[in-house]
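Asker: how does the following fold in three dimensions:
(chains A and B)
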Amino acid sequence: MTRNVMRLFAITTAFLVAAALLFAPWTGAAPGAAGGGAPSGTLMVGLAADPESMDPYFVYHPSGFAVMEALFDSLVMAGWDGTLVPHLAESWAVLDATTIEFKLREGVTFHNGEPFDAAAVQFSIERVLDERLQSGLKARFESIAAVEIVDPLRVRIHLSRVDASIIWRLTELAMVPPNYIRQAGDAGFARRPVGTGPFRFVEWVRDDYVLLEANPDYFAAGVKGGPGVERVVFRTLPEDSTRVAELRAGGVDLIERVPVDAAPALEGSGVRVVPADSGRFFIGWFVTDRGGPLADVRVRQALNYAMDVGTITEFLFRGYALPIAGPFTARTLGYDPGVAPYPYDPARARALLAEAGYPEGFELVLDTTANRATEAQVIAGYLADIGVRVRIRALESSLFNTNWTTGDTGDIIAASWGAAGDPQAYLDMLVRSDGFLSRYANARADELIARSAVTLDPDDRAAVLQELQQVLRDDPAGLYLWSAADLYGVGPRVNNWRPHPTERLIVAGVFVE
Amino acid sequence: MWGFLVRRGLYNVFVLLGVSFLTFALVFLTGDPAAALLPLGTPPEQIDSFRRQMGFDRPLLVQYAEFLWKAVQGDFGVSLRSRDNALTMVLERVPATLKLAGAGMLAAVLVSMPLGILAAARRGSWIDHLARLVALLGQTIPGFWLAIVLIYIFSVRLQWFPISGSDGWRHLVLPAVVIASTPAAGMTRLLRAGLVEVMSRDYVRTAYAKGLAKPVVVARHALRNALIPFITMMALQVGYLLGGAVVAEVVFAYPGMGRLAVQAITNRDLPVIQAFVMVTAVLIVTVNLLLDIVYTMIDPRIRYE
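Answerer: Predicted coordinates for the structure are as follows:
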């Protein structure tokens, strides 16, 4: 009896699926976006690290972001061209300098059926700001004083101070379901996350894989298309060579963080290597507040003239990197391509050093993380040519971070930093003289950074930032090295995937053959 | 026998205490766990508040004493990162790692036993030279390099074995070979040396004089006597296999406790590191205790008072 019912069920399902396939409009473009073909197949993604958590407020690294973008949505997003676009919010309006009103998309529900509305926005923001939760994202939203529900689809954010970049930071805040979290608790939510995203959570085996399934009710608009595959498996493959080998052998379809050295072999095996369209810069920040040679602007310029960044990007990065003129990349808001990187001019560097009173050069200590040791050696090599003797300290990353925060560093702190979108947060931290990671001071730069924070008109703000770029080029805050593209490996089955300008790998809209 | 076991048990408690204190101190010496757990760019005030909430601001000895008191009750706290029970996280991984270490031990025995016996039985022959070569390579080739080469040959080119994961015995083959390579080398050398020495003993000559064939002499008279140091060596390799498993688990993306430990160390996830070290120490101590018992079974001359 049961067996007959099952068979009938199977036949009916098969018939319905066949009918659906037959009559489904086949666009060939983003499936699911605008109700295209039914999602089918499984997309296998190889991540370089296990997500820290399934609670988006405890995920701070790109590998985890890939999973979070599949499960959750934010009010606004960075669009494919790097501009700010609506997402869960249909539109927004700046009512006055400290009030922004969001109009929410109608009919969006969380995976458990709970409606997404103004109450969910209020809950999400209050949750990330909650002292007891101790989310590492809290600091980014501290300018928000209150969240006011106007009606179920309209919400107002009141700021405690003018903060031009808060709207950009909201691209990093996943909207979470209030009723579900109140019931399941924070721990329960982290075990079984519920979002509004294009995929629903199925299973997480720590250090092994995260399995998600298509969310058929996804609103599919804007940056994220609908789910193009039935299932996504994010596998954790921390070892670079293993991740690359899995891609070559077809065990995974898409990987992040392809080592530059592996790119030529991969390209020869039918896999596409795609540079991320994102801005991450690598800068050796100068510690200028201890006196000594680096306090002199001529010395800081000399060091920048001493680096042949063009050759480094060509050989060390096989062209997947570009010289920079300061803490800005082509993907940074207000980027000015007219500000040129320092040319390689060792003679001029030596002349500047002599002028500053260091004809014989001097010694300095360069701190970097252990995974940057090769880059540090290349830098030391060029600086040695102008007589600057560099002692490299390649530190384990948590020690490096701690030292930087406490100020217990060498004379140059070399680190990479994501600079796509709004630069305000890192300018406040790294460049402004009172920034807690900054060891540099320039009164004009301080003024411009402060003005950028409160300039709400995008064009005016871009002008401020462009002037800042020129100021920072002439009075270098660091050794301006390069912006390097993260490389993705894309297998032959993958269709309709492209890198997002932020470092977030987006699997919505991708389908497999 | 029982008196011996109790004495060894007490002794092991001190070993575990020492291990726990050392790891505790080391983790704190190499960085601030509060700063490591929050993203770079978190303001110092927020790091301070987090440090207070997690109790990292108290004196080390107080933190250690509290840790020890709870650990004795099986409570290692929750992972600072995932907020899951640390001991549970480690224990969940134990079967996978034991399976891998077991497969590694099996591979090591399967290689070293026949190779060691044949090398000793035919000294100076090609097989003796082969044994020497295998031992040399096994002890000199670094595990991570061997792993990458094996992946390239057997997974990417020949596609005989999967590259990564943990789904079935085929996933165990390559990592087992990797972690077995060094122990197998040492065990082969030791077994050969032991057999060569035993083969020159009087009782072996007597066995030959009785008219026994060489295979019987080797198997019945020589091997049993050469086996004691071999078994000691096997037990000593358990620590090595668990250590080697860390490398193999990372390269082959095998979800055992070695990988958990690597991640926990990177994240300064103190409770998980502690739970991992203690579980590993208990495993090794237990194996050594079992070994002492096994001795009495294979060699009737060994008795514990």
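
Asker: what number of residues are in the vicinity of residue B:95?
Answerer: 11 (other Cβ atoms under 10 Å in any protein chain shown). Quick note: C-beta positions are derived from backbone N, CA and C, even for glycine.

Asker: for residue A:485, same thing?
Answerer: 21.

Asker: let me know the helix or strand that the closest residue to residue A:355 other than its chain neighbours is in.
Answerer: Counting by Cβ to Cβ, 6 or more residues apart in numbering or on different chains, residue A:355 lies nearest to residue A:298, which is 5.7 Å off, once chain neighbours are set aside. For residue A:298, the host element (DSSP states H and E) is helix A:297-306.

Asker: am I right that residue B:4 falls within a strand?
Answerer: No. Using DSSP: H, G, I helix; E, B strand; the rest coil, the secondary structure at residue B:4 is helix, not a strand.

Asker: pLDDT score assigned to it?
Answerer: pLDDT, residue B:4: 77.

Asker: against residue A:244, how distant is it?
Answerer: When distance is defined by Cβ to Cβ, to the nearest Å, residue B:4 is 53 Å away from residue A:244.

Asker: in the chain, what helix or strand scores lowest on average pLDDT?
Answerer: Going with chain A. helix A:2-23 (a mean of 40; mean pLDDT, DSSP states H and E).

Asker: should've been chain B
Answerer: helix B:33-37 (a mean of 71).

Asker: would you map the helices across the stretch 51-200 of chain B?
Answerer: Using DSSP state H, counting those that start in this stretch, the helices assigned to the stretch 51-200 of chain B run over residues B:60-72, B:86-121, B:126-140, B:143-150, B:170-199.

Asker: of these, which is nearest chain A?
Answerer: helix B:143-150 (4.9 Å; Cβ to the nearest Cβ).

Asker: in that closest one, what's buried?
Answerer: The neighbour-count check on helix B:143-150 (16 or more other Cβ atoms under 10 Å in any protein chain shown) flags B:143, B:146, B:147, B:148, B:150 as buried.

Asker: and the average pLDDT for it is what?
Answerer: Helix B:143-150 carries an average pLDDT of 89.

Asker: could you do stretch A:396-414 as well?
Answerer: Rounded mean pLDDT across stretch A:396-414 is 86.

Asker: just give the nearest non-adjacent residue to residue B:254, would you?
Answerer: Closest to residue B:254 by Cβ to Cβ, 6+ apart is residue B:166, at 5.3 Å.

Asker: if you could redo that for residue B:113, that was the one I meant.
Answerer: residue B:191 is the one closest to residue B:113 (Cβ to Cβ, 6+ apart), at 6.9 Å.

Asker: returning to that earlier point: please identify which of residue B:4 and residue A:244 sits among more neighbours.
Answerer: residue A:244 (28 against 15).

Asker: quick one on the thing from earlier: tell me the buried residues in the helix or strand following the least confident helix or strand of chain A?
Answerer: Moving toward the C-terminus from helix A:2-23, the next helix or strand (DSSP H and E) is strand A:42-47. By 16+ other Cβ under 10 Å, the buried positions in strand A:42-47 come out as A:43, A:44, A:45, A:46, A:47.

Asker: ok, so of the residues you listed, who is nearest chain B?
Answerer: Distance to chain B, by Cβ to the nearest Cβ, is smallest for residue A:46 among these, at 8.8 Å.

Asker: residue contacts, the residue nearest to residue A:222 when sequence neighbours are not counted?
Answerer: In space, and not counting its chain neighbours, residue A:222 is closest to residue A:87: 5.2 Å by Cβ to Cβ, 6+ apart. Taking Cβ atoms under 8 Å, 6 or more residues apart in numbering or on different chains as the criterion, residue A:87 is in contact with A:73, A:74, A:75, A:76, A:77, A:105, A:221, A:222, A:223, A:224.

Asker: so which of those is surrounded by the most neighbours?
Answerer: These, ranked by neighbours (other Cβ under 10 Å): first place residue A:73, 27 neighbours.
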